[in-house]
Each structure stands twice: as structure tokens, then as C-alpha cells.
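> Just the structure for this:
(one chain, ligands or ions: 2)
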Amino acid sequence: MATPENKLAFDGGWEYDPAPEGVEHIRAKKRYGLYIGGKFVAAEKGRTFDTINPATEEKLARVAQASELDVDKAVKAARKAYTGPWGRMKASERGKYIFRIARIMQERAREFAAIESLDGGKPIRESRDVDVPLAAAHFFYYAGWADKLEYAFPGRKAKSLGVAGQVIPWNFPLLMAAWKLAPALACGNTAVLKPAETTPLTALKLAEVIADADLPPGVVNIITGAGDTGAAIVNHPGVDKVAFTGSTGVGRIIQKALAGTNKKYTLELGGKAANIIFADAAIDQAVEGIVNGIFFNQGHVCCAGSRLFVQEAVAEEVIQKLKDRMETLIVGDPLDKNTDIGAINSSMQLEKIQSYLEIGQQEGGTMHQSSCSVPETGYWCRPTIFTGVSQSNRVVQEEIFGPVLAIQTFRTFDEALSKANNTPYGLSGGVWTDKGAKIFKMTQSVRAGVVWANTFNKFDPSSPFGGYKESGVGREGGLHGLDAYVKLGV
Ligand code: NAI
Ligand code: MG
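Ligands and ions are numbered 1, 2, ... in the order given. Alright, predicted model coming up:
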């Protein structure tokens, strides 16, 4: 019965009292140096840059900007640790250090989560429930492999590679650092890692954890800077392996730079994942999954479900339910536990998203945004869907990396499949149906590294992740993730 209360709820009229996560427990410095050889040091040329809170545009900290000289210092420190204590250490001892990192990170989870939300703009609910626990889980998982590599590669001898150069993006800063460092260390390598320029703080906090865990100096070096610092890591002759996550454009530059060298590499690049809803799917569950797939973390997710294909018979129902659900999403203060969609990571990223909103409309798409209000300062984008778009439209083909969903319909299985595969990317996908046979057929035919069935955006350290086509080269996570950090011999 429509009581006044549930009518209010249906209209999206509930008001939530603010429930902000406190920040008084955080121990963050106003200035950070580069973490090289077990110490925080200033950049050789003394250059620095600021990192801001994208929700308020306030400066959070000033961090050092590493030049080629600093990269060289970091690589040398990593080499010294590799040929020294870390390389000589028994694998079971190495494992203990990695377990220690995992435990300390868990103890400081609340602090990591708050800093992640401050620096990058993601809702505290995500940094608290996804980013930080998963980052710790990766260290736990790979710590267990350190002394069991002979079981990971039966009959083969797994030898470490040396110094790993690792460059990561701003969408999952701590989690990406964990994805890169944990397997590298477990396999006996040392590392030089660079976080993205808009989100350096949790990686620098991780450097503190690494120091507290007493890792020998130089095993992990964390240096900050922008693209030129990243390029200096990639091109340094002392680096034996490059691991990169970021845009396909930069991935291409890196792949060219590494061609003809002996460096091993993995590249995790962009995506344009298709979610496919068949008429026999549990529709409410599917709508919830679609919302999670594209609005989660402001759509700053390489495997975001940014294309939706819905079977014609249920298209109207699904689109209406999506619109209703979008109205209830709360956009705002990332530190508020009620927030569903936080701040866009940077003004540049916001401009890029806005340009796609223009493009989508110019191409003839119908744009629908939720009617919620957004704060006046900071970078925000309301959840957005496009209907009436076609395969050739740029909003259907290109990675937007924002909370923008392009919706198309289909009639038959084959039509859905060919539309889903009509993309230069191949990172992930999702299928929603009541029929197991359709799940098997679709998951085997969609050209994507990960395909979820009746769920989306689920991660576990034991399962590999990575793409086909322009989405990258190699796999991270699970046993496959170890392979990227070893040379196999007999
Ligand atoms: P980006 O690819 O430029 O940045 C990622 C990382 O690479 C950062 O640490 C950056 O400092 C570093 N980098 C930049 N140029 C480099 C170079 N020449 N050599 C080595 N390292 C370099 O991504 P950006 O500019 O932050 O975002 C642009 C677009 O890329 C986004 O709008 C989004 O579409 C896509 N992107 C995709 C990501 C993914 O996980 N698939 C992550 C971040 C961005
Ligand atoms: Mg920032």
C-alpha cells in the first residue's frame, strides 16, 4: 500500500543525515620525499608538485618530483638490494616480510581508506570495503607463494628477474600498488614503483608500512612524478621487467620503447566492457549489477561495464528501472558513508568526460542524467546514460572513464555477441541470464579477459585479470600473475 513513507522513498525523497568518516585519525604529512634505499629523500633537482583533494580542490600535500637522476638512484638501490640481502634471502623469510606488510596494512586500514578517498575522490565505502581489504589480500595471497614457487611451476625452476619498474594509474592507487608489488616480491625481485601524479599519497603511506615491516633498504622504492618520470623508469637500462597499468595510448608508447630490449613486460590498458542482459535474466538483480558496473568508482574503472546490450523484449523495463535507480544514487562528499558516487579524479578527467557528453549528443544520442544536485567546488559528474546510440558512435567505441553508460538493444544471441565483440578492447564483460547454457556460450565467445555471469566487478587475488586486443598484454593476479615475474628454466 502506498503509505506516505514509502511514497517518499519511491520518489527518491529520502534525506540521509551526513555520516562523514573522520579524518582526525590520519597521520599524513604535508610534504613527502622520494622513498629510495629505505629512506625518504628530496628529489635531486629539488622539484615538487601538489596533490589535491578533487572533492574540494584543496591542496593535501606537496610531493617530490623525480627526475631521471632520481630514477637512476632508485634503480641502483633496487639492484643493490637484489644482488644483496633480498636476493640471498631464503624464500620462506621473504614470505614473512610480505605477510608483515599485509598485516600492518590491515591494522591501518581505516587510515589508508580515508587517505585514498581524500586524494582520489572515491567514496569511502569503496576504499574501505574494496580497495584496502583487496590490497591487503593481495599481499597475503602472494606471501603464501614465496616459498612454493616449485609447486606453482611443477618441474620447472622459477628464477627471479631482477629489478621491476612499475607505473600505476589513479583509479585504484593502493590496490594497483599491491597488484604490482606483491607478486614481484614473492618471486624475489626488487621494485621501483611510481604512483600517478594525482594520487600519490597511499603509495607513500605504503612506503611507511614497508619501512615499518623492516624490509631491507632498496627492496621497494617508491618515487613520485608524472609521465616523464614513468618514461624514465620504463627506459632505464637497469630495469628487467616493466609493469604498467593505464591508458592504451601510453601503453603503446611503452610497448614501442620496449621492443627489441630484453625487458619482460605486462600492460593492463583500457576497456569498453559490454554487459549483456537477456530477457530471461533476473531484471532487478541485473539492473543493480549494471549500476555497480558503470557508476562504481565514478566509472574510473578499466573493466567498467560502459556498454549495455539489452534484449528488446525487456529494454523498456530495464531502462526505466535504471533511470529510477539512478535517481536514488547519492553524488557528493567521498568521505560520507552514504555516498554512492564520489568526485571525478581530476579537472582534466572531468573535461574529458564532459567532452564525451557533448559528442554523444552531437552524434544523435539521447542523454539522460539523474537530477541530483552536486557540490559547487570540486569535480563532479552526475550518473549518465545514452540511449539511441549506434555501434559507430564514439561514446560506444571509446573509453570515457566516467559514469557514462551507452545502451543499445538486440534481438538474438548472435547479434548481442557480434555487437559486444565489435570493439578494439577486450578486458571484461558481463552476461545476465537465467540459462546456464547461455552463460557458457557467451562467456566462451566474448573476446574479453574476464567475463562475469549474473554479477560484475568482482575481484579476488587468486583469479587472473588482463585483456585481449588493445586492452593489454599479460595477466596479473593468481598463478598467472607469478609467471610475469619469473624466468622459467629446468
Ligand atoms: P596515463 O596512462 O597517462 O597514466 C597512467 C600512469 O602512467 C601514470 O602514473 C602516469 O604518470 C604514467 N605515464 C604517463 N605517460 C607515461 C609515459 N610516456 N611513460 C611511462 N609512464 C607514463 O593516464 P591518464 O592520462 O592519467 O588518463 C588518461 C586516460 O587514460 C583516462 O581518461 C582513461 O581513459 C585512461 N586510463 C585508463 C586506466 C586503466 O586502468 N585502464 C587508468 C588510468 C587512465
Ligand atoms: Mg590527489
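
> can you tell me which residues contact the most centrally placed residue in the chain?
The residue lying closest to the centre of the chain (CA atoms, centre = their mean) is residue 172, at 3.9 Å. Going by CB atoms under 8 Å, 6 or more residues apart in numbering, residue 172 touches 131, 297, 301. Bear in mind the C-beta positions are built from the backbone N, C-alpha and C, glycine included.

> ditto for residue 232
Per CB under 8 Å, 6+ apart, neighbours of residue 232: 66, 67, 68, 71.

> same question, residue 158
Residues in contact with residue 158 (CB under 8 Å, 6+ apart) are 149, 150, 152, 187, 482, 486, 487, 488.

> Residue 311 versus the residue nearest to residue 402 when sequence neighbours are not counted, what's the distance?
Leaving aside its chain neighbours, residue 402 sits nearest to residue 353 (3.5 Å; criterion: CB to CB, 6 or more residues apart in numbering). Counting by CB to CB, to the nearest Å, the gap from residue 353 to residue 311 is 28 Å.

> same check, this time on residue 408
According to CB to CB, residue 408 and residue 311 sit 11 Å apart.

> for residue 153, same thing?
44 Å.

> Surely residue 293 and residue 304 touch.
Yes. Counting by CB atoms under 8 Å, residue 293 touches residue 304, with 6.3 Å between them.

> Tell me, how many residues neighbour residue 151?
Counted with other CB atoms under 10 Å, the neighbours of residue 151 add up to 9.

> Please list the residues of the chain that sit near ligand 1.
Residues of the chain lying near ligand 1 by CB under 6 Å from any ligand atom: 167-171, 194, 196-197, 226-227, 230-231, 234, 245-247, 250, 253-254, 269-270, 302, 349, 352, 399, 401.

> Next, count neighbours for residue 59.
Neighbours of residue 59 (other CB under 10 Å): 11.

> Let's verify it: helix, strand, or coil?
strand (DSSP: H, G, I helix; E, B strand; the rest coil).

> three-state assignment of the nearest residue to it once chain neighbours are set aside?
Distances taken as CB to CB, 6+ apart place residue 50 nearest to residue 59, at 4.9 Å, with adjacent residues excluded. Classification of residue 50 into helix, strand or coil gives strand, according to three-state DSSP.

> Could you list the low-pLDDT ranges of the stretch 51-200 of the chain?
The stretch 51-200 of the chain contains no residues with pLDDT under 70.

> Name the residues of it found near ligand 2, please.
Applying CB under 5 Å from the ion, we find that the stretch 51-200 of the chain lies next to ligand 2 at 51, 119, 198.

> can you tell me how far the residue nearest to residue 59 sits from residue 490?
Distance, residue 50 to residue 490, using CB to CB: 52 Å.

> Between those two, which has more neighbouring residues?
residue 50 (11 against 5).

> Was I right to think the more buried one contacts residue 62?
Yes. If you go by CB under 8 Å, residue 50 and residue 62 touch, sitting 5.4 Å apart.

> Residues contacting stretch 431-440, please?
Under CB under 8 Å, 6+ apart, the answer for stretch 431-440 is 275-278, 280-282, 285-286, 289, 413, 442-443, 446, 451-454.

> swap that for stretch 75-82, sorry
By CB under 8 Å, 6+ apart, stretch 75-82 touches 36-38, 87, 160, 162-163, 165, 189-192, 216-219, 221, 233, 236, 238-239.

> same thing but at 7 Å, please
Contact partners of stretch 75-82, identified using CB atoms under 7 Å, 6 or more residues apart in numbering, comprise 36-37, 162-163, 189-192, 216-219, 221, 236, 238-239.

> thinking again about what came up before, neighbour-wise, which one of the residues of the stretch 51-200 of the chain next to ligand 2 leads?
residue 119 (30 neighbours).

> Show me what the host helix or strand of it is packed up against.
Taking DSSP states H and E as the criterion, residue 119 maps to helix 109-120. Applying 3 or more CB pairs under 7 Å, 6 or more residues apart in numbering; DSSP states H and E, one finds that helix 109-120 contacts strand 48-53, helix 124-126, helix 132-145, helix 173-186, helix 201-212.

> And the fourth one, how far out from the chain middle?
Computed by CA atoms, centre = their mean, to the nearest Å, the separation of helix 173-186 from the middle of its chain amounts to 12 Å.

> Please apply the same query to the second one.
Relative to its chain's centre, helix 124-126 lies at 14 Å (CA atoms, centre = their mean).

> For residue 257, see how far away the closest residue to residue 285 other than its chain neighbours is.
Closest residue to residue 285 apart from its sequence neighbours, by CB to CB, 6+ apart: residue 454 at 6.8 Å. Going from residue 454 to residue 257 by CB to CB gives 41 Å.

> For the stretch 301-450 of the chain, which residue gets nearest to ligand 1?
residue 302 (3.0 Å; CB to the nearest ligand atom).

> okay, now that residue: neighbour count?
Based on other CB under 10 Å, the number of other residues close to residue 302 is 26.

> I figured it hits residue 270, correct?
Yes. Using CB atoms under 7 Å, residue 302 is in contact with residue 270, at 5.9 Å.

> quick one, domains of this structure?
31-269+471-489, 274-453 (automatic domain parsing).

> if you go through the stretch 351-490 of the chain in chain order, where are the strands?
Using DSSP state E, counting those that start in this stretch, the strands of the stretch 351-490 of the chain run over residues 366-369, 384-387, 404-410, 428-432, 450-453, 472-473, 486-489.

> can you tell which of these is closest to residue 100?
strand 486-489 (22.4 Å; CB to CB).

> closest point of the stretch 201-350 of the chain to ligand 1, which residue?
Counting by CB to the nearest ligand atom, the stretch 201-350 of the chain gets nearest to ligand 1 through residue 230 (2.3 Å).

> What is the burial count for the nearest residue to that residue once chain neighbours are set aside?
Spatial nearest neighbour of residue 230, chain neighbours left out: residue 167 (4.3 Å); criterion: CB to CB, 6+ apart. Burial of residue 167 is recorded as 24 neighbouring residues (other CB under 10 Å).
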